[in-house]
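Peer 1: Build me a model from this:
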Amino acid sequence: MGEILKVTITDIANIADVSVATVSRVINNKRKGVSEETRERILKIIEDYNFKPSAVARGLVTKSSNIIGLIIPDITNPFYPTLAKGAEDAASERGYNTILFDGGNIPEKEATHLRFLNEHYVSGIIYNNFREISPSSLEIIKKSLLPTVFIDSKVELPKSKNIYIDNKMAMKNVINYLYDQGHRDIAFLGGPIDSYSSIKRYEGYIEALNDLHIPLNKDLVIDGEFIIEAAGTAVEKLMNRGLKFTAIACCNDILAIGVYAKFEELGISIPDDISVVGFDDILMARLLRPKLTTVQQPAYEMGKASANVLIDCIEGKSDSNEIKIIFDTDLMIRDSVKKLI
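Peer 2: I've put the predicted structure just below:
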């Protein structure tokens with residue numbers, strides 16, 4: 001029939017002299033409301049024009065698709081691409097595609113992404129933000145009919161689906177390990193003060209010090225952003241305060257990398273002068289010299305679990321009750337901590 005032109009679902013509907021909804025019913029193998037004659041005619045047109053229905057076309061009747069959305073806060077942090085790969089791999093295994101959005105921890109940008117996903121026939125959303133959810137994003141999530149899974153955070157919403165680690169216990173393990181190595185003056189380098197993970201890790205730091213009968217010195221605590229530059233600023237503040245400390249517990253590996261860089265600039269040796277511990281166990285942790293002692297957070301496995309929980313909800317294989325999956329962590333002992341006793 002000559003050159004085949006690229007057609008849309010609307011073109012197919014016009015050629016068949018039926019509604020777009022009727023074509024969508026045929027595409028989605030919904031026989032109700034479509035005669036066998038009309039169905040065969042539409043399928044013949046689809047074949048003749050080599051029409052490949054888009055996910056949106058499939059969703060015109062079902063109001064859903066085999067697409068899930070994933071919102072992460074910072075694609076430049078190596079922890080999140082690993083998490084995203086886990087989610088994408090699990091989704092792909094179950095016949096779903098994934099759309100990735102970087103919310104940038106910017107409330108307006110994040111709300112825009114949430115609105116887009118709610119308006120474009122995705123079947124569900126995996127959501128992460130290491131800050132508190134903004135009022136605008138929270139309102140969209142509350143009103144949404146889409147199932148939503150919260151990953152690497154814990155959200156207090158009715159029947160919420162949360163996948164995370166015990167951040168408090170993980171940091172307690174860090175401080176206990178440093179204590180066992182003879183460290184008593186331990187600085188804490190945290191993230192944003194409204195970050196769920198940073199708050200819980202700080203609570204773990206305080207609780208461990210209390211259990212070990214070490215007085216809390218708030219001058220050894222610095223909050224900031226989860227970026228390398230913030231670590232350099234924090235180290236300068238600690239040094240300017242003239243306080244004695246033999247170790248720094250960092251809230252993530254990005255901060256630990258920043259500490260390494262600043263210490264090198266200042267001529268401070270790790271671990272001979274000051275010991276450093278990170279959190280996350282990104283690939284760079286093993287490439288640093290000395291190799292970084294850090295908490296291994298199972299980002300890939302958490303990503304896979306989030307996609308499987310979400311798809312179970314989409315496919316009606318999970319009840320509507322609250323779901324909590326708490327992953328274990330491991331302290332990866334390498335070369336960045338000096339034994340003092």
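Peer 1: Using the three-state scheme, assign the residue lying closest to Ile199 once chain neighbours are set aside.
Peer 2: What sits nearest to Ile199 in space, not counting adjacent residues and going by Cβ to Cβ, 6 or more residues apart in numbering, is Ile193, at 7.5 Å. (Each C-beta comes from the backbone N, C-alpha and C, glycine too.) Following DSSP: H, G, I helix; E, B strand; the rest coil, Ile193 is assigned to coil.
Peer 1: Ok, Phe279 next?
Peer 2: Using three-state DSSP, the structure places Phe279 in strand.
Peer 1: check contacts around it.
Peer 2: Going by Cβ atoms under 8 Å, 6 or more residues apart in numbering, Phe279 touches 170-171, 174, 201, 250-253, 256, 294-295, 297.
Peer 1: how near is it to Val155?
Peer 2: Relative to Val155, Phe279 is positioned 21 Å away (criterion: Cβ to Cβ, to the nearest Å).
Peer 1: With Leu292 instead?
Peer 2: 30 Å.
Peer 1: Looking at the two, which one has more neighbours?
Peer 2: With neighbours defined as other Cβ atoms under 10 Å, Leu292 and Val155 compare such that Leu292 has more, 29 against 18.
Peer 1: Chain neighbours aside, what residue packs nearest to the more buried one?
Peer 2: Spatial nearest neighbour of Leu292, excluding adjacent residues (Cβ to Cβ, 6+ apart): Ala285 at 4.1 Å.
Peer 1: For that neighbour, grab the count of nearby residues.
Peer 2: A total of 23 residues lie near Ala285 under the criterion other Cβ under 10 Å.
Peer 1: So it sits against Thr294, correct?
Peer 2: Yes: under the criterion of Cβ atoms under 8 Å, Ala285 makes contact with Thr294 at 4.9 Å.
Peer 1: And the residue nearest to Ile199, what's its pLDDT?
Peer 2: According to the prediction, Ile193 has pLDDT 86.
Peer 1: And for Gly69?
Peer 2: For Gly69, the pLDDT comes out at 94.
Peer 1: Just confirm it is within a strand.
Peer 2: Yes: counting by three-state DSSP, Gly69 is found in a strand.
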